[in-house]
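Chemist: Next input, structure requested:
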Amino acid sequence: MSINPELLLEVAKKAALSAGTEILKIYESGDFSIEAKADDSPLTLADKAAHNKIVSFLEETGIPILSEEGRDISYEERSKWEYFWLVDPLDGTKEFIKKNGEFTVNIALIHNGEPILGVVYPPVLGEIFWSIKKRGAFRERNGQVDKINTTKKSLSESGLKVVASRSHMSEETEAFVSKLDSPEVVSKGSSLKFLLVASGEADVYPRFGPTMEWDTAAAHAIVSESGGRVTLEDQRTQLAYNKKNLLNPYFIVLPS
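Modeler: Okay, the predicted model is just below:
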């Protein structure tokens, strides 16, 4: 199958921006009805509205879609996919409910287990991040587009900025941070944690806690193009996608 990455990027950006508009309507109206969901995470009207909007755009590409809010697709079926869209229509539902603005729309294109295109849109923050494999990573805000890059620092340097979750700093994360020399901990919600590393605002993000593939794929693509890496704990093996189990293993977002 041959694809046109630039064309697909434009579709993904339109989908993310339209989904953001739907989310903000609900976010600003204060209608926070929460339904129980299989993994007990808060599922809001915004999640569903964003999913429907994204699917309406991505369906036009003829590429299969795996979304957090979509139907369960068997591994038998999806293991045959060369390309597919991997979507989290609203990443950071806890942040959404807390109303701190730190939630995102995540859209990635996966090719044979690797994220090759990513769009991350935090609608409240009014900026959008994207990347295409081998073409760099970018942030657009107030109509201005800038290339983004990691700091390229080594983990042995002093005073590294480490991204850690406000809501889940595990024992393993604390152990990792304690090995660094005078680190400074910075926090953000959702996939914005990856983007702090991608944009050079932080140096490393250890994630030793549960995440799903759709939580990470879009931001992973952006980190890769900004000069960073997303690896397993060995700091060598890249985090892979379209696994039989969509739960990610522990991983580290590195600046180089």
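
Chemist: Alpha carbons of the helix or strand of the chain with the lowest mean pLDDT, as CSV, please.
Modeler: Of all helical and strand segments in the chain, the minimum by mean pLDDT, DSSP states H and E falls on helix 93-98, at a mean of 83. Output in CSV follows, covering the C-alpha atoms of helix 93-98 (Å, rounded to 0.1, in the frame of the first residue of the first chain):
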residue,chain,number,x,y,z
THR,A,93,-10.0,12.7,31.1
LYS,A,94,-8.9,13.3,34.7
GLU,A,95,-7.4,16.6,33.6
PHE,A,96,-10.6,17.4,31.7
ILE,A,97,-12.7,16.8,34.8
LYS,A,98,-10.3,18.8,37.0
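
Chemist: Can you tell me the SS state at residue 16?
Modeler: Put simply, residue 16 is helix when judged by DSSP: H, G, I helix; E, B strand; the rest coil.

Chemist: quick one: the strands in the stretch 101-250 of the chain?
Modeler: With DSSP state E, counting those that start in this stretch, the ranges of strands along the stretch 101-250 of the chain come out as 104-111, 114-121, 127-132, 137-141, 144-147, 161-163, 184-186, 205-207, 229-231.

Chemist: Can you tell me how far residue 181 is from residue 160?
Modeler: From residue 181 across to residue 160, the span is 8 Å (C-beta to C-beta, to the nearest Å). From N, CA and C alone the C-beta is placed, and that goes for glycine too.

Chemist: Also residue 115?
Modeler: Separation of residue 115 from residue 160 (C-beta to C-beta): 25 Å.

Chemist: which of the two has more neighbours?
Modeler: Neighbours were counted for residue 115 and for residue 160 using other C-beta atoms under 10 Å; residue 115 has more, 28 against 21.

Chemist: Provide a list of residues in contact with that one.
Modeler: For residue 115, the contacting residues are 86, 108, 109, 217, 218, 220, 221, 224, 241, by C-beta atoms under 8 Å, 6 or more residues apart in numbering.

Chemist: Go again with 7 Å.
Modeler: 108, 217, 218, 220, 221, 241 (C-beta atoms under 7 Å, 6 or more residues apart in numbering).

Chemist: can you check residue 180 too?
Modeler: 155, 160, 162.

Chemist: isn't the first one right up against residue 206?
Modeler: No - Residue 155 lies out of contact with residue 206 (C-beta atoms under 7 Å); the separation is 10.0 Å.

Chemist: Looking at these two, which has the bigger crowd around it?
Modeler: Counted by other C-beta under 10 Å, residue 155 and residue 206 do not tie: residue 206 has more neighbours, with 22 against 18.

Chemist: Next up, the contacts around that one.
Modeler: By C-beta under 7 Å, 6+ apart, the contact list for residue 206 reads 173, 176, 252.

Chemist: Tabulate those in TSV, adding columns for neighbour count, distance to residue 122 and pLDDT.
Modeler: Below are the contacts of residue 206 laid out as TSV (neighbours: other C-beta atoms under 10 Å; distance: C-beta to C-beta, whole Å; pLDDT from 0 to 100):
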residue	neighbour count	distance to residue 122	pLDDT
173	21	23	91
176	21	26	94
252	20	23	98
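
Chemist: Nearest to residue 71 among these?
Modeler: Here the nearest of those to residue 71, counting by C-beta to C-beta, is residue 252; it sits at 32.0 Å.

Chemist: so that closest one makes contact with residue 234?
Modeler: No - checked against C-beta under 7 Å, the pair residue 252 and residue 234 is beyond contact range at 9.3 Å.
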